[in-house]
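Chemist: any chance you could fold what I've pasted below:
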Amino acid sequence: MLFLQQLINGLSVGSIYAVIALGYTMVYGIIKLINFAHGEVMMMGAYFAFITVIATGMPFIAVLVVSMVLAALLGITIETLAYKPLRKAPRISALITAIGMSLFLQNLALVIFKADPKVMPSDVIVKKPIMIGPLQIGTVTIITIVLSIFFMVLLDFFIKRTKPGKAMRAVSEDKEASILMGINVNRTISITFAIGSALGALGGVLYAIAYTQVYPTMGIMPGLKAFVAAVLGGIGLIPGAMLGGFVIGMVETITKAYISSQWSDAIVFGILIVVLIFKPTGILGKNEREKV
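Modeler: Below is the predicted model of the structure:
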């Protein structure tokens, strides 16, 4: 029963990593950019939720919607100001810019909100545990898993069934051909950043509620682990990001429960190294041949 309890906890943590990883993999799939500022967008999403709760006392769903909308606007702003001018520059320029944007958002949050952690109000979600035999499942865990799966399914539907989603797939395959077919590439990229940032905010809100604190550097480690999850599953693949997030969450939770919390991060990154040695494209990734 203890092992089953840890699996449930791992599924909850993995759900958060998975939705954050979706932001990484969407942006990389479209413009081949690793957006290292994504963890800080997650952090800003948590702060948006905290401010909304304190200022208005809105219910959880309304707080979540406000946070995701503001984060989407932040993502579009970042893409327009920082990444769009470098669209034709070498990839290393965009990568350095992403790191710079990450540090900028961290320090901006530090100046605005100060270094001391803010405590997310406990009444955002009624944290009443549900007992299933000897198993104890918190409402936060249930809501986290349900919301994560819901938005993953919704995103998959959006990508496969809607016109903007099909445009994203076209731009991902061939940007120049998409332009010739009349697709507005700039708008498509902006929509991608908006959706990815909104999902980052979702992860940030769920993370802040689960761990009760919001602070300027809270996005560093979850953002890094979400990036690891995206690479582990296959960067650029939505199912890969989901699978990688669940695997990382499970491994981290079981390691903390049965080995040591001090070894959890080392084992997570060690698994990534092993997987990439034997399958460099990730678990679900496929090798692509380049035409000469």
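
Chemist: what packs against the lengthiest helix in the chain?
Modeler: If you go by DSSP state H, the chain has its longest helix at helix 2-31. When contacts are defined as 3 or more Cβ pairs under 8 Å, 6 or more residues apart in numbering; DSSP states H and E, helix 2-31 packs onto helix 38-56, strand 135-137, helix 139-161, helix 163-173, helix 185-211, helix 220-233, helix 238-258. Yep, even glycine has a C-beta here, placed from its N, CA and C like the rest.

Chemist: any idea of the angle the first one forms with helix 185-211?
Modeler: Computed by axes from the mean of the first three to the mean of the last three Cα atoms, to 10 degrees, the angle separating helix 38-56 from helix 185-211 equals 60 degrees.

Chemist: same check on the last one?
Modeler: Regarding helix 238-258 and helix 185-211, their directions subtend 20 degrees when assessed with the same axes, to 10 degrees.

Chemist: helix 238-258: how far from the chain's middle?
Modeler: On the basis of Cα atoms, centre = their mean, to the nearest Å, helix 238-258 sits 14 Å off its chain's mean C-alpha point.

Chemist: pLDDT averaged over the helix or strand that it is followed by - what is it?
Modeler: Scanning forward in sequence from helix 238-258 by DSSP states H and E, the next helix or strand is helix 264-278. On average, the pLDDT along helix 264-278 is 87.

Chemist: and what of stretch 62-75?
Modeler: In this model, stretch 62-75 has a mean pLDDT of 95.

Chemist: and stretch 206-224, by the same measure?
Modeler: Stretch 206-224 comes out at a mean pLDDT of 91.

Chemist: in that stretch, what's buried?
Modeler: 206-210, 214-216, 218-219, 222-223 (16 or more other Cβ atoms under 10 Å).

Chemist: could you do stretch 145-155 as well?
Modeler: 145, 147-148, 151-152, 155.

Chemist: again with stretch 168-186
Modeler: Neighbour-count burial for stretch 168-186, counted by 16+ other Cβ under 10 Å, picks out 168, 170-172, 175, 178, 183, 185.

Chemist: just checking, what packs against the helix or strand of the chain with the lowest mean pLDDT?
Modeler: Least confident helix or strand of the chain, by mean pLDDT, DSSP states H and E, is strand 130-132 with a mean of 72. With contacts taken as 3+ Cβ pairs under 8 Å, 6+ apart, strand 130-132 sits against strand 135-137.

Chemist: no more questions from me, cheers.
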